[in-house]
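> 3D model of this:
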Amino acid sequence: QVQLAESGGGLAQAGGSLRLSCAASGTFSTNGMGWYRQAPGKQREPVATITSRGTTNYADSVKGRFTISRDNAKNTVYLQMNSLKPEDTAVYFCCAGRLLGAVRPFIPVDYWGQGTQVTVSS
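Residues are numbered from 1 along each chain as shown. Below is the predicted model of the structure:
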């Protein structure tokens with residue numbers, strides 16, 4: 001069992017930066033980790049994943065602006081978000097899965113966090 005707790009959301013201006021963190025309990029180092037987001041009235045969509053070996057995948061909409069990383073010693077995964085746009089406004093969910101990102105870039109997800117709000121003003 002893995003429990004996930006996100007932090008670092010908040011309000012930013014367009015062009016600004018935020019860093020999200022996700023602290024995991026349980027078996028962290030062997031799991032793929034990732035981030036999804038859900039904007040009001042829209043479906044949840046993948047943002048980025050990182051496998052246990054460090055292979056990363058990004059949605060086209062965030063490539064070149066967002067960076068996912070992980071610190072296995074701290075059981076934490078990060079999402080550095082730069083050059084933020086108003087369309088990045090969403091609730092961001094941390095996720096984990098034993099095979100997440102290993103074969104398909106954004107699935108399968110076994111565990112979800114509760115989410116953290118990111119709001120980008122224009």
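
> Okay, strands next: where are they in the chain?
Secondary structure of the chain (DSSP state E): strands at 3-7, 10-13, 18-25, 32-38, 45-50, 56-58, 66-71, 76-81, 90-97, 111-112, 116-121.

> residue closest to the middle of this protein?
Most central in the chain under Cα atoms, centre = their mean is Trp35, positioned 2.2 Å from the mean C-alpha point.

> Quick check, pLDDT for Ala73.
Confidence at Ala73, expressed as pLDDT, is 90.

> List the contacts of Thr55.
Going by Cβ atoms under 8 Å, 6 or more residues apart in numbering, Thr55 touches 101-102. The C-beta positions use only the backbone N, C-alpha and C, and glycine is treated the same way.

> Just to check, Cys76 is in contact with Arg19?
Not quite, residue 76 is Thr, not Cys. No. Thr76 is beyond contact range of Arg19, at 11.1 Å (criterion: Cβ atoms under 8 Å).

> hang on, the earlier thing: report the contact partners of the residue nearest to the centre of the chain.
Contacts of Trp35 by Cβ under 8 Å, 6+ apart are 20, 22, 46-49, 68, 77, 79, 92-95.

> Please list only the buried members of those.
20, 22, 46-49, 68, 77, 79, 92-95 (16 or more other Cβ atoms under 10 Å).

> Present those as CSV; the columns should include distance to Thr116 and pLDDT.
Shown next, in CSV, are the buried ones among the contacts of Trp35 (distance: Cβ to Cβ, whole Å; pLDDT from 0 to 100):
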residue, distance to Thr116, pLDDT
Leu20, 6, 98
Cys22, 9, 97
Pro46, 16, 98
Val47, 12, 98
Ala48, 15, 98
Thr49, 17, 98
Ile68, 15, 98
Val77, 13, 97
Leu79, 10, 98
Tyr92, 5, 98
Phe93, 8, 98
Cys94, 8, 98
Cys95, 13, 97
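
> With respect to Ser122, which of those is nearest?
The shortest approach to Ser122 among the buried ones among the contacts of Trp35 belongs to Tyr92, at 18.9 Å (Cβ to Cβ).

> Does that closest one touch Ser21 like I think?
No. Using Cβ under 8 Å, Tyr92 is not in contact with Ser21, being 10.8 Å away.
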